[in-house]
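Novice: return a 3D structure for these sequence lines:
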Amino acid sequence: MRITCVGGGPAGLYFAVLAKLADPGHQITVLERNPEGVTYGWGVVFWDDLLDDLFRYDPVSARRIWEAAYKWDEYEVRCTGKDVTHLPGYGYSLGRHRLLDILSERAAELGVDLRYQTESAGRPVLPPADLVVACDGAGSRLRDQAAEHFGAEVETGRNKYIWLGTPRVFRTFTFGFERTHAGWIWYHAYPFSRDASTFIVECTPETWTALQLDRLDAATGCARLQNIFAKHLAGQPLIDHRATSGGTGWMNFRRVTNRRWDHGVVALLGDAAHTTHFAIGSGTKLAMQDAMALSDALAAGEDLPVALERYEHRRRSALAPLQRAALASSTWFERMPSYADLPAKQFSYALSNRRGDYPLWRYVLHVTTQTAVTRAMLRGALATRRRHRARRRLSERGTYG
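Specialist: Down below sits the predicted model:
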């Protein structure tokens, strides 16, 4: 089969890897609009469930991702006028650039044809193909060429946010909330390497306008945010990658859904098919799991229309609970100022329970694990769990380069 993936992000590259592993005879081409080595974004986060899947589908790339990942423990919540509190849990993060390097190297090893700077007049130049996979992001141009068929719907979130980076390496995943004269503004930050962290800033549109962030260029805007979050940044700067393109990077989240995910030989994958709010950190995970499902559907040997229908049905079912959680999460942040006067422990619990589905015992656990001793005990238990899952993966799949 001749397969063309339009978009060289995690979705397209990982699907190319899996499809080639399933059938080395496939002729697979990945088209990426940017030059080789150029990407936007900072770090991505994921958890054990994705690692389990990665090791099951391709232990070679999975081990490379595991070894490159930054491991962090617990969540930290900092809020003006409140004691620092903590939430249980652990996770992994990795620079987007490093993830793409790993996946592109793996794809090339398997014989995938990687092509960069592949647009002409703003559209990809497509070679003849039996299957075209549209994995070119939430603003997919390929999807928009058949907009009426796919039936894309976009809901725009209320809050403003900007995706920044910083050389300030946070100890762990951190939420920080600051009260300004214009209202509340906050960040989601996490380390993804030994020398950098992702730093996403979010606020209501009223605060954004009152802080004049709608009028400032990238450099001046970053300087204002650095001043607001000075005590969190330890003297380190904030960096806006998009500054060189003339924009400031401020956005409203766009929740994308589609009535259908395939049209003829074209199938949607990743953000082109669906988006979930960054507050639950699942975008990369969902894109790579889409790739797994599409690869499985093709490997079943059925006709292409049947395979694409099976792929869509499987992924819609898996996505539904996460999409509900993401919507609840983004709604909580839109209402964040209404929670700001809660005492520290109640505030951080409201943040952790923003989906509204925790039983009462979780609140008791939350309150009792705010001391150093109980936190250490809980971190120890979770660390044991992480080590056990890591040993199980490696023993089940062996050692791979």
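
Novice: distance between the ends of stretch 267-285?
Specialist: Counting by Cα to Cα, to the nearest Å, you get 18 Å between the two ends of stretch 267-285.

Novice: err, stretch 226-235, not the other one
Specialist: 9 Å.

Novice: any idea how far that stretch is from the chain center?
Specialist: In terms of Cα atoms, centre = their mean, to the nearest Å, the centre of stretch 226-235 is found 25 Å from the chain centre.

Novice: what does that stretch rub up against?
Specialist: Contact with stretch 226-235 is made by 78, 166, 168, 174, 176, 178, 180, 185, 187, 189, 201, 211, 237-238, as judged by Cβ atoms under 8 Å, 6 or more residues apart in numbering. In short, each C-beta sits where N, CA and C put it, glycine included.

Novice: what mean pLDDT does stretch 311-320 get?
Specialist: Averaged across stretch 311-320, the pLDDT comes to 95.

Novice: give me the buried positions along it.
Specialist: Neighbour-count burial for stretch 311-320 flags 311-312, 314-315, 319 (criterion: 16 or more other Cβ atoms under 10 Å).

Novice: find the helix or strand that Arg179 is a member of.
Specialist: Assigned by DSSP states H and E, Arg179 belongs to strand 173-180.

Novice: what's that strand packed up against?
Specialist: strand 70-79, strand 183-193 (3 or more Cβ pairs under 8 Å, 6 or more residues apart in numbering; DSSP states H and E).

Novice: from Ala326, how far out is Thr198?
Specialist: Thr198 sits 18 Å away from Ala326, taking Cβ to Cβ, to the nearest Å as the criterion.

Novice: surely Glu178 and Thr80 touch.
Specialist: Yes. If you go by Cβ atoms under 8 Å, Glu178 and Thr80 touch, sitting 5.4 Å apart.

Novice: specify the beta-bridge partners of Ile200.
Specialist: As for beta bridges, Ile200 partners with Trp163, His188 under DSSP bridges.

Novice: correct me, but it touches Gly281?
Specialist: No. Using Cβ under 8 Å as the test, Ile200 is too far from Gly281 to be in contact (10.1 Å).

Novice: compare those two (neighbour count), which wins?
Specialist: Neighbour totals were compared for Ile200 and Gly281, and Gly281 leads with 21 against 17 (other Cβ atoms under 10 Å).

Novice: need phi/psi at the residue lying closest to that one once chain neighbours are set aside.
Specialist: Leaving aside its sequence neighbours, Gly281 sits nearest to Val45 (Cβ to Cβ, 6 or more residues apart in numbering; 4.2 Å). Val45 adopts backbone torsions of phi -120, psi 150, taken as degrees, to the nearest 10.

Novice: check what pLDDT the closest residue in space to Asp240 that isn't next to it in sequence gets.
Specialist: Spatially, and ignoring its direct neighbours in sequence, Asp240 is nearest to Ala218 (4.5 Å; Cβ to Cβ, 6+ apart). Per-residue pLDDT puts Ala218 at 88.

Novice: before we move on, what about Ser120?
Specialist: pLDDT, Ser120: 63.

Novice: cool, and the one 5 residues further on?
Specialist: Model confidence at Val125, given as pLDDT, is 79.

Novice: ok, the residue lying closest to it once chain neighbours are set aside - contacts?
Specialist: Closest residue to Val125 apart from its sequence neighbours, by Cβ to Cβ, 6+ apart: Thr118 at 5.9 Å. If a contact means Cβ under 8 Å, 6+ apart, then Thr118 has 31-33, 124-125 as its contacts.

Novice: rewinding a little: among the buried residues of stretch 311-320, which one sits closest to Pro10?
Specialist: The closest of the buried residues of stretch 311-320 to Pro10 turns out to be Arg315 (Cβ to Cβ; 15.4 Å).

Novice: double-check that that closest one belongs to a helix.
Specialist: Yes. The assignment for Arg315 by DSSP: H, G, I helix; E, B strand; the rest coil puts it in a helix.

Novice: residue contacts, it?
Specialist: 261, 273, 289-290, 293.

Novice: farthest pair in the contacts of Thr118?
Specialist: Glu32 and Val125 (12.1 Å).

Novice: the two: which is more packed in?
Specialist: Glu32 (25 against 10).

Novice: surely the more buried one and Arg115 touch.
Specialist: Yes. Using Cβ under 8 Å, Glu32 is in contact with Arg115, at 7.0 Å.
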